[in-house]
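Trainee: A predicted structure for the sequence below; I have some questions about it.
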Amino acid sequence: MAIGLLVAASLAVVGLWWPIFPTVLITLCLLAFFRDPERRIPTERSAIVSPADGKVTSVHQLDHYAPLGGPATCIRIFLSVFDVHVNRAPCHSRVESVHFQPGAHHNALKPASAKKNESNLLILCHPTRPERVAAVRQVAGLLARTIVCVAREGQIFQRGQRFGMIKLGSTTELYLPENCEPKPVVQPGQHVHAGQSIVAYVSGHQ
């Protein structure tokens, strides 16, 4: 914001009025992109909340998801440039590991991007027991060039707590292991909000 105002003021001083409007507009767009509104976090014990704002593009089953060691349910969320890009923890959990994977920057709406794009994977386990309860994968997109993640191994997260963001359009994937008996309550096309929208219910956790 400071840079935008400084540039606009400098243009006004030298008499270049026509670039002021686009400069202010771009500054406002960037401010909107980096917004981080407070959210009302659900308190239902078995609820899993969305890790990202955006549109649900897929809810599907995997016969085997290696990071969780077995079958899992995947909920994939696409974030446009107009969505809030702050990521939040889907449940009360402990960070078992964080894995960054370099990669490409294909359009996040294309299926190939899920495997080839730069990504960051958080494996989450029960706060006091060793079993894995979820995995969250931040995936860069065509415009997204920076994945931010402040989560560290051993860190405890409360449901809805912020852990990072993906700058500009991207995808966030939530994986729930089959042994938690996940019951998704969202469907493709539905818009969700990080930390606030319940996307599934599980048993034996939270």
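Mentor: Ah, there it is.

Trainee: Tell me, domain by domain, which residues of the protein belong where.
Mentor: 2-33, 47-201 (automatic domain parsing).

Trainee: Show the contacting residues for the residue nearest to residue 155 when sequence neighbours are not counted.
Mentor: In space, and not counting its chain neighbours, residue 155 is closest to residue 95: 4.6 Å by C-beta to C-beta, 6 or more residues apart in numbering. All C-beta atoms are positioned from the backbone trio N, CA, C, and that covers glycine. Applying C-beta atoms under 8 Å, 6 or more residues apart in numbering, one finds that residue 95 lies in contact with 122, 123, 124, 151, 152, 153, 154, 155, 156, 157.

Trainee: who does the one helix or strand residue 95 maps to pair up with?
Mentor: With secondary structure defined by DSSP states H and E, residue 95 is part of strand 93-101. Within its sheet, strand 93-101 is paired with strand 119-125 (antiparallel), strand 156-157 (antiparallel), according to DSSP bridges.

Trainee: contacts for the longest one?
Mentor: Going back to what we said before, that points to strand 119-125. Outside strand 119-125, the residues within contact range by C-beta under 8 Å, 6+ apart are 67-68, 89-91, 93-101, 103, 131-140, 147, 149, 151, 157, 163-164.

Trainee: and the helix or strand just after it with strand 119-125, angle?
Mentor: As assigned by DSSP H and E, the chain's next helix or strand after strand 119-125 is strand 132-140. Using axes from the mean of the first three to the mean of the last three C-alpha atoms, to 10 degrees, the interaxial angle of strand 132-140 with respect to strand 119-125 works out to 170 degrees.
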